[in-house]
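Q: no FASTA, just this:
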C-alpha cells in the first residue's frame with residue numbers, strides 16, 4: 001500500500017509540474033502553431049552547450065521551415081534563458097527535474113496534439129551536428145522509413161571512450177537478436193521519427209531515463225520501419241555527462257533493454 005501511495009504521489013507531482021510548464025508555454029507563445037517538422041531538444045543544465053548547438057541549426061530542412069523546441073528539464077543554470085535568446089526557438093520549461101524520458105514524452109505529446117508530421121531528437125551537449133539533420137530526416141520525407149537512427153558506427157565516432165564504444169556494439173548485437181533487426185547503433189538519441197508512429201507507441205513508454213532502447217524496441221516489435229544513416233559523433237562541447245559512470249549507465253541500460261523486450265515480446 002505504501003508503495004502504491006508513493007507512486008501516486010510522485011505521479012501527481014509530475015503531472016502538476018508538466019501542467020505548470022505547459023501553462024507557461026501557452027502564455028509565452030499564445031496562438032503558436034508548430035511547423036510540420038519539429039527539432040526537439042531536451043536539456044538539463046546545459047548552459048555551456050545549448051547555445052553552441054542552437055547556433056548551428058540549419059535555415060531550413062529540405063527547403064521546408066521547421067520549429068525548434070527545447071524542453072528544459074528543470075535545473076538551476078541559464079539553459080532556459082540562453083535557449084530563449086535565439087530567434088524562433090520555443091521553450092517548455094519544467095519547474096523541477098523530471099528526467100530525460102519524461103521531457104521527451106512531453107515533447108512527443110506536444111507534437112502529436114498539434115498535428116506535427118516529423119520529429120528530430122538531438123542532444124543538447126554538442127555530440128550531434130545539426131548540419132546533418134536534412135540527411136537524417138530524408139528517409140521519412142521519401143516514405144522509406146518511419147524511424148531513422150543516426151549511426152556513429154556507420155559514420156565517424158570522434159570520441160575516445162572505449163567502454164562506450166564497446167557498449168554500442170554490445171547493445172546493438174543484443175537488440176538485433178531480440179528484434180530480428182540489423183542495426184549498428186541502437187543507443188543513439190539522434191534520430192528522426194514519424195509522428196503517426198509516435199502516436200501508436202507513446203502510451204507504452206514508461207522510462208523516466210534511458211528511453212532510447214525502450215522506444216526503439218517498442219517500435220520494432222510493433223512493425224514500424226527502422227533504418228540508419230551514417231553521422232559523426234563528437235565529444236561533449238563542454239562539461240561532463242549526466243548519465244553517470246559507465247558501469248552504472250551500462251547496468252541501467254541493460255535493465256531497460258531486457259525489461260522492454262519482456263514487455264513487448
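A: Here it is on my side, so go on. Worth saying up front: this structure is predicted, and the values here are computed from it rather than measured. Numbers count the residues shown, from 1 in each chain.

Q: where exactly do the strands run in the stretch 51-200 of the chain?
A: Secondary structure of the stretch 51-200 of the chain by DSSP state E, counting those that start in this stretch: the strands cover 67-72, 89-93, 118-122, 147-157, 191-194.

Q: Surely residue 144 and residue 226 touch.
A: No - in this structure, residue 144 is not within contact of residue 226 by C-beta atoms under 8 Å, at 11.0 Å. Just so you know, the C-beta spots here come from the backbone N, C-alpha and C atoms, and that holds for glycine as well.

Q: The two: which has the busier surroundings?
A: Set residue 144 next to residue 226 and count neighbours by other C-beta atoms under 10 Å: residue 226 wins out with 20 against 11.

Q: and that one, what are its bridge partners?
A: residue 147 (DSSP bridges).

Q: do the same with residue 64
A: With DSSP bridges as the rule, residue 64 is bridged to residue 61.

Q: quick one on the thing from earlier: pull up the overlap in contacts between residue 144 and residue 226.
A: Common contacts of residue 144 and residue 226 (C-beta atoms under 8 Å, 6 or more residues apart in numbering): none found.

Q: in the helix or strand bottoming out on mean pLDDT in the chain, what's buried?
A: Least confident element among the helices and strands of the chain, by mean pLDDT, DSSP states H and E: helix 246-264 (a mean of 86). For helix 246-264, burial by neighbour count (16 or more other C-beta atoms under 10 Å) applies to 249-250, 253-254, 256-257, 260-261, 264.

Q: again, but for stretch 201-215
A: 201-202, 205, 207-215.

Q: now the end-to-end length of that stretch.
A: From its first residue to its last, stretch 201-215 covers 8 Å (C-alpha to C-alpha, to the nearest Å).

Q: List of residues touching that stretch?
A: By C-beta under 8 Å, 6+ apart, stretch 201-215 touches 98-102, 104-105, 108-109, 112, 171, 175, 186-189, 218-219, 222, 224, 252-253, 256-257, 260, 263-264.
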